[in-house]
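**Student:** build me a structure from this.
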Amino acid sequence: MEQMKLEDLTSEQINFQLILYSGNARSKVIQSLREYRGGNVEESELLIAQAEQDLAVAHDVHFQLVQKEAQGEKVEISMLFIHSEDHLMSTLTMKELVKELLDIFKAKNI
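**Tutor:** Have a look, this model is predicted:
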């Protein structure tokens, strides 16, 4: 996947990229759990893998912002930025929790 260049985007566009990719991942994580519950283990695993790809893009955007600030450039902090960061972090947490649940379910043949 090609790296998104932040210098080509406004701060609002950057925030919406974080929301877009983490939101897509969140939907796939939830759907993965539902697919597993419905007996579709392969689809469940595919959705988790797709969610991880979406999160990789969001994480890359986040990491570029961290690098930018570490190099002394000011990163604009707004409510939209806080929301996008919250969206990303909660989705990362949800993904890890769902992966652990799926492993438990598989181990117990649930």
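
**Student:** give me the contacts around stretch 45-54.
**Tutor:** Residues from elsewhere that reach stretch 45-54 (CB atoms under 8 Å, 6 or more residues apart in numbering): 1, 21-22, 24-26, 28-29, 31-32, 35, 95, 98-99, 102. From N, CA and C alone the C-beta is placed, and that goes for glycine too.

**Student:** select only the buried ones of those in ChimeraX?
**Tutor:** Those of the contacts of stretch 45-54 that count as buried under 16 or more other CB atoms under 10 Å are selected in ChimeraX with:
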select :21,22,24,25,26,28,29,31,32,35,95,98,99,102
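
**Student:** just the contacts of stretch 45-54 now: which is nearest Leu9?
**Tutor:** When the contacts of stretch 45-54 are compared for distance to Leu9 (CB to CB), Tyr21 wins out at 13.1 Å.

**Student:** coming back round to it: in helices, which of the contacts of stretch 45-54 fall?
**Tutor:** Taking DSSP state H, the ones among the contacts of stretch 45-54 that sit in helices are 21-22, 24-26, 28-29, 31-32, 35, 95, 98-99, 102.
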